[in-house]
Structure formats: structure tokens, C-alpha cells
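Chemist: Provide a 3D model corresponding to the input given below.
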Amino acid sequence: MKLKDLTWEIRLACMLIAVSVIVYAVKFLFFGDNGASNTLSYIFNSLGFLPINILIVTLIINRLLTMRAKREQQEKSRMIIGLFFSEMGDILLRKMIQWDKSPEMLRENMQVINTWTKGQYTAAKDHASKLCTRTVPSPDDLNEIREIFMKNHDFLLRLIENPVLLEHNTISKLLQDLFHLGEELASRDDFHTLPVTDLAHLTGDVNRVYCQLTTAWLEHMEYLSRNYPYLLSLCLRKSPFLLENRVVVTE
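Modeler: Okay, the predicted model is just below:
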């Protein structure tokens, strides 16, 4: 492996350790190690430990602070994602499920419970990716979804301007597909007069968003199950994959 292939942290660590070794080597070469304590010995000991001290402060402490900042950023992004589903995502998902040619299989696959494991969430994502391309919206459905986009246009703009979401691949891709679908729908006047080819094109855009929403919803439920089970409980009772909301706790 070449030196240029190493990360900057490893290169810096090697350089600092090498400097420390050179300083102590010079001390032992010219002054020996007789255990005597004097000014020169103290200076060389301090200079020899200085690179190690820089290594600890620069790499270890900086890495800990970076990890903490990243966790805080993830918390903020998840709060925003939860807000997105509350304001718009759940509504879109519920509509698109209604347009699915056979939603029963997807509904059954998305019956999340609070005891699901990571493996179960992974299996649900894989299964959902094969079932989320069967939505066939009618012209009236397309008009309805356009109205949802128009109503939430400013909300979506604020989301995409938020730098916290830029590093979240699933949500950034979802927002990109949402804006594309919104632009496609806003560019047409009357969906009833569109040719079959154009309706098929719009259906493909809707299905792309359908798949992205389904994956993002599962990832959000998985996050809540690990960190906020009480929030997960409410989200599952309001799940867009249920035939009707079950907000009232009955057991």
C-alpha cells in the first residue's frame, strides 16, 4: 500500500510518532540514559512527548467530538424526517397504496411491530422493493397528487434547503424524486387529455416515489424502534399501510 493511499489521520500519526522517535533517539545518542535529571533531559523529554500529545489531541479527541457531532446531526435529520412523514409522506403513501393494483401483499409485508429485528426490517425492505412498482394512478389521481404537491411546495423547499438532510442518502434521493414528480405534474394542464404514453411516463415517476417512500418509512420505523419506542407506537397506529388508523389504544 502506498503512502498516498493512507488516510490523512494515519499519515499524521506516522509522522508524529517518527518525530517523537527521532527526538528520543537524539537524546539517547548524545546524552545517554543514565537516569540523571537535568535541564537538557527535561527539555528532550518534553519535546519527545509533544508529538504524542498532539496525536492524542488532534486525532483521538477530535474523532470523539466528530462522532458526537455526527450523532447530533443524525438526531436532527430524523426529527425532520418524522416531520416530513407527519405533514406529507404518510398522506402520499396512503394515496399511492390505494392506487396499487394488488396492495394486499404490500400491506401484509409492512405490518411492522415493535419487536422486529434488524433482519426483519432488511427482509421487509427487500420484499417491498419488489412490490412497490404496481401503482396505476388515474388522471383524477394525478390531479389529486398535484394538489398535494402544490399545498406542500414551500414545505418541500425548506426541507431541501436544510443541510442536515444532504448527507442522508435515502431522504436526499427521495426529495429529488419528489421534486421531479412535482415538476412533471405541474407542467401539465389536463391529465384527462394526455396520451397513453405520457400517462405511462407519469406512472413510472409515481412508482419511483412510491418505492422511495416505502424504503424511507421502513428506515424511519427501524430508527424509532431502537431509540424512541413510544414514538414508534404512535406511528404504527397511524401507519399508512393500515386500512384505517388505529390511534386509540385498546390494549
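Chemist: surely residue 85 meets residue 217?
Modeler: Yes - counting by CB atoms under 8 Å, a contact exists between residue 85 and residue 217, whose distance comes to 6.6 Å. Bear in mind the C-beta positions are built from the backbone N, C-alpha and C, glycine included.
Chemist: which stretches of the stretch 151-251 of the chain form helices?
Modeler: Remark: helices assigned in the stretch 151-251 of the chain by DSSP state H, counting those that start in this stretch are 153-160, 169-186, 196-227, 229-237.
Chemist: The ones you listed: which one's closest to residue 21?
Modeler: For residue 21, the closest of the helices of the stretch 151-251 of the chain is helix 169-186, at 42.2 Å, according to CB to CB.
Chemist: What residues of the closest one count as buried?
Modeler: 171, 174, 175, 177, 178, 179, 181, 182, 184, 185 (16 or more other CB atoms under 10 Å).
Chemist: Stretch 13-20 now?
Modeler: Judged by neighbour count (16+ other CB under 10 Å), stretch 13-20 contains these buried residues: 13, 16, 19, 20.
Chemist: try stretch 47-59
Modeler: Of the residues in stretch 47-59, those buried under the neighbour-count criterion (16+ other CB under 10 Å) are 47, 48, 51, 55, 59.
Chemist: for stretch 155-168, same thing?
Modeler: 156, 159, 164, 165, 168.
Chemist: just those: which has the poorest pLDDT?
Modeler: By predicted confidence, the buried residues of stretch 155-168 are weakest at residue 168, whose pLDDT stands at 66.
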